[in-house]
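K.L.:
Sequence and predicted structure below; questions after.
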Amino acid sequence: MPRRLFIFLFCFFPILVQAVEPDWNKIEEELIDLLQKLIQVDTQNPPGNELAACRVLDKFFRKNGISSKIYRVDDQRANLLARLKGDGSQKAILLAAHTDVVPANGDKWSVDPFSGEVLDGYIYGRGAIDDKGMLAVHAMTLVLLKRQNVPLRRDVIFLATAGEESGGSPGIKWMLERHRPKLEAAFALNEGGRIIYRNGKPLYIALQTEEKQAYNINLTATGTTGHSSIPRLDNAIVSMAKALERLERRPMQQSLDAVTTAFFQEINRVDTAVVWTDNQVLTTDPLYLAILSNTIAPTIISGGIKSNVHPPSVELNLNCRLLPSQDVDEFVDSLRTWISPGPYSFDYRKRNPAPAPSPQDGLGYILIEQVCNELYPGTPVLPYLSPGMSDGTSLRHEGIPTYGLLPFPLDEEEVWRQHGVDERLSLESLMMGMKLVHRLVKLAGI
Ligand SMILES: [Zn+2]
C-alpha cells in the first residue's frame, strides 16, 4: 500500500468510523429481540431465578464477541459482568441494571406478563420498564461500540445484578463484597431517575443523585387471647386498627436538603402542581410529597389463628422510606411516642446511614446533562432524590459516584405501570433510551 494512502487511512479511518451513525432500524430489531428474551425469563423475586437471565445475556455477548462471566451465588441466583476494554488511560464507566422483577399477577394483565408481546407499538411484560429495558440497552451499547470499533480510553463495564427488588443481598452487595476491584469506575449509570413527559412533551429530567432509604418496620399489637363469644376491649386486631389510624394522622414534616431544594426551585417553574414559597413546597402530587418527607406505607398484615379465638397478636409491615438525613432509631421512637399508649412493639434492622449524594459537578452528571441537553433541548435536568431505593445506595457507599436515570422517556401514566399491571415500554421510548446511553458512553469513552 502506498505510504501516503496508509497514513490517510490510519489517520482518518477512526474519525470516519466514529462519524457513521449505527443502523438504528436494524438495532431496534435486535434490541426488541433481546428484551423479549429477557422478559420471557421468569425472574420474579422471590425466588429470583436470575441465573436464567444471566444465561440470556451471556449468550448475547458471546454471539457478539464480547467476553462475559456469570458469578453464581447458588443454583438459581447469579450476577453477570462483561467488559469492553479501553486503552486504560482513564477510569472505567459502569453500566448497572438488575435482572429480577417484582411478582406479576397475570390474571389482571391484558397479555401474559412473561410474553414480551409487542402490541400497538409497545412491548409488554414484567420488567419492560424495571429494569430489563435498561439491561437490554446497556448490553446493546457494548455491542455497538465494539461493532463500530470505537477507540475507547476507558473500559465499559456491564453489570447485571440479582435481588435488587429485595435489597440486593445476592446481587450488588454480593458482588461488592467479593469482586469490588472489578467494579471500580469513574462513575456508574443505574436506574432511579426519570425523563418525564406530559402531554407528549418532555417536562423535566430527574437525574438521581441520592435515594431515600427503605426500611421494613414490623409493628406488633398484642392482646389477651380466649373465646371470642365474649368480646374483649384489648382485642389485638382492634388495637392494631387504632394504631394504624393514628399513624395515618401523624403530622408530615417537610425537610429539604441541597438536592431537593435545587429540584423544587426549578420544578416550580415547569410544573403547576408545585408552588415554592418561603422555602416551603405546596403540592398535593403524591410523588413530590414522597420526596419531601419520611413516609409510611402499610403493606402486609397478618394475625389471627381461628375464627372463634381472640388473636394473641397481629403484625403489620410498615414499608418506610426515610430521608437520607433521617436516623431510623429516632424515626421509630417518634412513631412509638405517637401511637402510645398501647400494647405495641417495633422490630427492624438498623443499617448504615445513607451515603453522601453523588456530586453534581462530577464527570457523570456533567456528561449525562450534556447528552440530555442534546436530545431534549430546553428541558431542565435536575438533581433528584428518588423515593425508591436501588443498587445505587450500595455503589455510593463504596465511593462510586452513581447517577440514576432510567433513559426511557415516560409520561406520568406509564410510570405507574412499573410494579403494576400491564407494565410496558413504547418502542419509540426504548430507542430514545438506546440512543441516549450509546451517546453517553461514546462521549465518555473516546
Ligand atoms: Zn428497579
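P.N.:
The structure has been received and is ready for your questions.
K.L.:
In stretch 272-289, which residues are buried?
P.N.:
Residues 274, 276, 281, 283, 287, 288 are the ones in stretch 272-289 that count as buried (16 or more other CB atoms under 10 Å). C-beta here means a position set from N, CA and C on the backbone, and glycine is covered the same way.
K.L.:
got those residues as a markdown table, with pLDDT, distance to the ion and secondary structure columns?
P.N.:
Converted to a markdown table, the buried residues of stretch 272-289 look like this (pLDDT from 0 to 100; distance: CB to the ion, whole Å; DSSP: H, G, I helix; E, B strand; the rest coil):
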| residue | pLDDT | distance to the ion | secondary structure |
| --- | --- | --- | --- |
| 274 | 95 | 25 | coil |
| 276 | 91 | 29 | strand |
| 281 | 95 | 26 | strand |
| 283 | 96 | 25 | coil |
| 287 | 92 | 16 | helix |
| 288 | 95 | 21 | helix |
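K.L.:
out of those, what pair is the most spread apart?
P.N.:
Pairwise distances across these (CB to CB) peak at 15.6 Å, for the pair 276 and 287.
K.L.:
So which elements touch the top helix by length along the chain?
P.N.:
Determined from DSSP state H, the single longest helix within the chain is helix 427-445. Contacting helix 427-445 under the criterion 3 or more CB pairs under 8 Å, 6 or more residues apart in numbering; DSSP states H and E are the following elements: helix 24-40, strand 93-98, strand 122-124, helix 132-147, helix 363-375, strand 409-411.
K.L.:
Any residue of the host helix or strand of residue 413 touching the ion?
P.N.:
Secondary structure from DSSP states H and E places residue 413 in helix 412-415. No. Contact between helix 412-415 and the ion, assessed by CB under 5 Å from the ion, is absent, since the two come no nearer than 12.4 Å.
K.L.:
Would you mind listing the outside residues contacting that helix?
P.N.:
By CB atoms under 8 Å, 6 or more residues apart in numbering, the list of residues contacting helix 412-415 from outside reads 129, 194, 196, 197, 198, 424, 425, 426.
K.L.:
since we're on residue 351, how many residues are nearby?
P.N.:
Around residue 351 sit 13 other residues, with neighbours defined as other CB atoms under 10 Å.
K.L.:
For it, give me the pLDDT.
P.N.:
What the model reports as pLDDT for residue 351 is 91.
K.L.:
Numbering from 33 from now on, please.
P.N.:
Taking 33 as the first residue, the last one we looked at is residue 383.
K.L.:
Helices of the protein, residue ranges please.
P.N.:
Assigned helices in the chain, in chain order: 35-51, 56-72, 82-95, 164-179, 204-211, 268-280, 290-302, 318-324, 360-371, 395-407, 424-429, 444-447, 459-477 (criterion: DSSP H).
K.L.:
So which of the ones you listed is nearest residue 254?
P.N.:
Shortest separation from residue 254 across those is recorded for helix 268-280, at 5.7 Å, computed as CB to CB.
K.L.:
show me the contacts for the residue in the stretch 183-332 of the chain positioned nearest to the ion.
P.N.:
Per CB to the ion, residue 223 is where the stretch 183-332 of the chain lies closest to the ion, at 4.8 Å. Under the criterion of CB under 8 Å, 6+ apart, the contact list for residue 223 reads 129, 130, 162, 163, 166, 422, 423, 424, 436, 437, 438.
K.L.:
Any idea what the nearest residue to residue 87 once chain neighbours are set aside is bridged to?
P.N.:
Nearest residue to residue 87 in three dimensions, chain neighbours excluded: residue 102, at 7.3 Å (CB to CB, 6 or more residues apart in numbering). Note on residue 102: beta-bridge partners residue 112, judged by DSSP bridges.
K.L.:
quick one: residue 102 from the ion, how far?
P.N.:
Distance of residue 102 to the ion, given as CB to the ion, to the nearest Å: 20 Å.
K.L.:
pLDDT at that residue, what is it?
P.N.:
98.
K.L.:
Residue 83 is in contact with that one, correct?
P.N.:
Yes. With contact defined as CB atoms under 8 Å, residue 102 and residue 83 form a contacting pair (7.2 Å).
K.L.:
Neighbours of residue 444, how many?
P.N.:
Here the count is done by other CB under 10 Å, and residue 444 has 13 residues near it.
K.L.:
Overlap of the contact sets of residue 102 and residue 83?
P.N.:
Contact with both residue 102 and residue 83 is made by residues residue 110, according to CB under 8 Å, 6+ apart.
K.L.:
Specify which residue of these two has the higher count of neighbours.
P.N.:
residue 83 (22 against 15).
K.L.:
so who does the residue lying closest to that one once chain neighbours are set aside touch?
P.N.:
Counting by CB to CB, 6+ apart, residue 110 is the residue found nearest to residue 83 once chain neighbours are left out, at 4.2 Å. Residues touching residue 110, when contacts are defined by CB under 8 Å, 6+ apart, comprise 82, 83, 86, 102, 103, 104, 194.
K.L.:
Could you pull up the residues touching the residue nearest to residue 111 when sequence neighbours are not counted?
P.N.:
On the basis of CB to CB, 6+ apart, the spatially nearest residue to residue 111 that is not a chain neighbour turns out to be residue 103, at 4.7 Å. Taking CB under 8 Å, 6+ apart as the definition of contact, the neighbours of residue 103 are 110, 111, 112, 113, 206, 207, 210, 211.
K.L.:
and if we set it to 7 Å?
P.N.:
110, 111, 112, 113, 207, 211 (CB atoms under 7 Å, 6 or more residues apart in numbering).
K.L.:
mind checking pLDDT for the last one?
P.N.:
Each residue has a pLDDT score; the one for residue 211 is 98.
K.L.:
And for it, the neighbour number?
P.N.:
Here the number of neighbours of residue 211 (other CB under 10 Å) works out to 14.
K.L.:
now do residue 331
P.N.:
Residues contacting residue 331 under the criterion other CB under 10 Å number 10.
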